[in-house]
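**Q** Have a look at this prediction, sequence included:
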Amino acid sequence: MIEFDAQQLADRYMAQWTTPDATERRTAIELLWAENGVHVLQPPAEIRQVAAELGFGHSTLEAQGYDAIEKRVARGHERFVRAQGFAFRARPGAVRLHGLVKFGWEAVSAETGDVVGGGLNILVLDDDGRIRTDYMFPGA
């Protein structure tokens, strides 16, 4: 595995969500992610509750490959950054353990600077230091 700084990786990861230019966002994705990488999201509690009421044992959401991840990141940007005025940033203290990186993140009001949310990500990396699997836990 190549050497890298876990905090810099976390910062680059969070930057992809706030990049307004679609071409720059796609470039960031291709530099961060393995070609067949998977983004796995634990949905909000209300979605998990509805899924359970419908008899689903789990309700994880997944996007796999550059195109699907680009669509996921673009939709997140549209909804949270452009429409609601949030910015995302990695919290200090990202840690690496072999091929894993764990870090917390915050959603911040661009207008007031107030933290309005956050979560936890665990990244599983390939031998080139690219994201093979991203486990995202909003609200953690």
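**A** Here it is on my side, so go on.
**Q** Please count neighbours and contacts with C-alpha atoms only from this point.
**A** Fine.
**Q** mind listing the helices for the protein?
**A** Assigned by DSSP state H, the chain shows helices spanning 6-18, 22-32, 45-53, 65-76.
**Q** Would you mind giving those as CSV with mean neighbour count, distance to residue 112 and mean pLDDT added?
**A** Below are the helices of the chain laid out as CSV (neighbours: other Cα atoms under 10 Å; distance: least, Cα to Cα, whole Å; pLDDT from 0 to 100):
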stretch, mean neighbour count, distance to residue 112, mean pLDDT
helix 6-18, 19, 17, 96
helix 22-32, 16, 25, 97
helix 45-53, 13, 27, 74
helix 65-76, 18, 20, 95
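**Q** Make JSON lines from these and add distance to residue 128 to it.
**A** Formatted as JSON lines, those follow (distance: least, Cα to Cα, whole Å):
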{"stretch": "helix 6-18", "distance to residue 128": "13"}
{"stretch": "helix 22-32", "distance to residue 128": "10"}
{"stretch": "helix 45-53", "distance to residue 128": "34"}
{"stretch": "helix 65-76", "distance to residue 128": "16"}
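**Q** among these, which is nearest residue 84?
**A** helix 65-76 (10.6 Å; Cα to Cα).
**Q** which residues are contacting the closest one?
**A** Residues outside helix 65-76 that contact it (Cα atoms under 8 Å, 6 or more residues apart in numbering): 16-17, 22, 25-26, 29-30, 33-39, 63.
**Q** Between the helices of the chain, which one is closest to residue 127.
**A** helix 22-32 (12.6 Å).
**Q** what sits up against that closest one?
**A** Applying Cα under 8 Å, 6+ apart, the contact partners of helix 22-32 are 12, 13, 16, 17, 19, 66, 69, 70, 74, 130, 131.
**Q** who's in contact with the fifth one?
**A** Read that as residue 19. By Cα under 8 Å, 6+ apart, the neighbours of residue 19 are 25, 77.
**Q** Return the distance of it relative to residue 63.
**A** 19 Å (Cα to Cα, to the nearest Å).
**Q** same check, this time on the last one
**A** Computed with Cα to Cα, the distance linking residue 131 and residue 63 is 13 Å.
**Q** Just want to know which of the two has more residues nearby.
**A** Neighbours per residue (other Cα atoms under 10 Å) separate residue 131 from residue 63, with residue 131 holding more: 28 against 19.
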